[in-house]
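1. Sharing a sequence plus its predicted fold:
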Amino acid sequence: MRSAYFSIDVTMERVPLASRWADERWLPSAVVPLAEGRATAGAPVREADGPQGTRWRFPRMEVELHPTEAEGYYLNLTSEAPVAFVMWRFADDGTEPAALPDKVTLSYNEAGRSMDGGARVDPVPLAETLRAWLAAFVEEHYRPEPRRKVKRNDPFKDGAFVRDRARRG
């Protein structure tokens, strides 16, 4: 089973806040599909800068789909609003941009594992092109586990549970 790749651009936004605890908030705002296939990441590009905030585009990142994550993709695809999960971090050296996307996944399970590990993970609405690509991948690779009948223990079978009422008296 082979992995599939899709080139994307990720847009991160800095939103100024009127709060005594924080001056700004960073969040991913878009995952823009480019083409199917592998990508080589480029340098971030400042798209907008003003009093309403700053927007940076991180070109040519990639989404990788693994057949072993098919259940997570299925869960995302069948939710009310499918999303792309952007895993990101703050830059360690204080350079611009301050927020850097590390990875984008379309799997609920992988995003959950990353959050459990302490990573910043934010959802972004899934573009229709990525949704169609994901649906084709799920159709090919996802097979739900068959339901098995569970045999329950019978506490009254063969004297396994006997209550001696005479002793309690």
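-> Here it is on my side, so go on.
2. so for the top helix by length along the chain, what's the average pLDDT?
-> Longest helix in the chain, counting residues (DSSP state H): helix 128-141. When pLDDT is averaged over helix 128-141, the result is 93.
3. do stretch 36-49 as well
-> For stretch 36-49, mean pLDDT rounds to 81.
4. And that stretch, what's buried?
-> For stretch 36-49, the neighbour count (16 or more other C-beta atoms under 10 Å) marks 39, 44 as buried. For the C-beta atoms, the positions are set from N, CA and C on the backbone; glycine is no exception.
5. How about residues contacting it?
-> If you take C-beta atoms under 8 Å, 6 or more residues apart in numbering as the criterion, stretch 36-49 is touched by 4-8, 11, 54-62, 96-97, 100, 133.
6. Okay, buried residues for the longest helix of the chain please.
-> By neighbour count on 16+ other C-beta under 10 Å, the buried set for helix 128-141 is 130-131, 133-134, 137-138, 141.
7. which one among the residues you listed gets closest to G72?
-> Set against G72, the nearest of the buried residues of helix 128-141 by C-beta to C-beta is V138 (9.8 Å).
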